[in-house]
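Novice: need a 3D model of the following:
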Amino acid sequence: MTLTVVDDSQNAADVTVDLDLQNLQDGTGGNVSLTTPDDHEVTIVNDEVSTFTIDDVVVNEAAGTATFTVSLDIALDIAVIVDVSYADVSASGLRIDYDSASDQATFSAGSTTSQPVTVAITNDLLVEGNESFTASLSTATALGGRNVDLSDTGTGTMGSCRSGGRISPCGADGLGAASRGASPSSLDRVC
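Specialist: Take a look at the predicted model:
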């Protein structure tokens, strides 16, 4: 007897199948009797690993928010809530530079649709260089043996267009000349 296992490319818990052989027939249609029951247990082991990732974000303080994107490469057969927590690097949480309260990204069963998490940042009007914080992933969802990787971290970088009491023109990256380590230009405006 052959049991064919189909790889569904979805992360699911291991499955145990109990096979009970009964009413057997020989190749000619005659019955075959078993002197003892013939039960077999087969476990199909899940080999998929679903990896959650979070991107890096660069914004100007004046933007007011920084939005990270949490992504998933292989769907799970259950809904998963991913907790996103923040930690200071050179920025200060507790609403001094950014709101360090945790966020959540919810992935529906069968979905790999990326989820945004938005952090409020403070435009403190100080002349300063870039400030940064990290975003880490975890989950309290009962995974039931499903394999997931939540080890990725993201970095939020906040820049300021201020330099020596002047406002520098922002570059395409949202950061001012002083935040990028460049000298302010003659295009700077007085605050």
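Novice: Ser132 and Met158, how far apart?
Specialist: From Ser132 over to Met158 the distance is 7 Å, taken as CB to CB, to the nearest Å. Backbone N, C-alpha and C define where each C-beta goes, glycine included.
Novice: neighbour count: the two, which is higher?
Specialist: Neighbours were tallied for Ser132 and for Met158 using other CB atoms under 10 Å; the higher tally belongs to Met158 (29 against 18).
Novice: confirm that one sits in a strand?
Specialist: Yes. The assignment for Met158 by DSSP: H, G, I helix; E, B strand; the rest coil puts it in a strand.
Novice: that one touches Glu131, doesn't it?
Specialist: Yes. Taking CB atoms under 8 Å as the definition, Met158 is a contact partner of Glu131 at 5.0 Å.
Novice: what do the two both touch?
Specialist: Counting by CB atoms under 8 Å, 6 or more residues apart in numbering, the contacts common to Met158 and Glu131 are 91, 97.
Novice: which residues are common contacts for Ser132 and Met158?
Specialist: Among the neighbours of Ser132, those also in contact with Met158 (CB under 8 Å, 6+ apart) are Ala91.
Novice: what about the protein, any weak spots by pLDDT?
Specialist: Where the chain drops to pLDDT under 70, the residues are 1-27, 29-40, 42-46, 93-95, 161-191.
Novice: how about the strands of it, start to end?
Specialist: If DSSP state E is used as the criterion, the strands of the chain fall at 15-21, 38-44, 49-54, 57-60, 65-72, 80-88, 103-107, 115-120, 131-139, 147-149, 153-159, 162-163, 166-167, 189-190.
Novice: which among these is found nearest to Thr28?
Specialist: Using CB to CB as the criterion, the shortest distance between Thr28 and these is 18.3 Å, found for strand 15-21.
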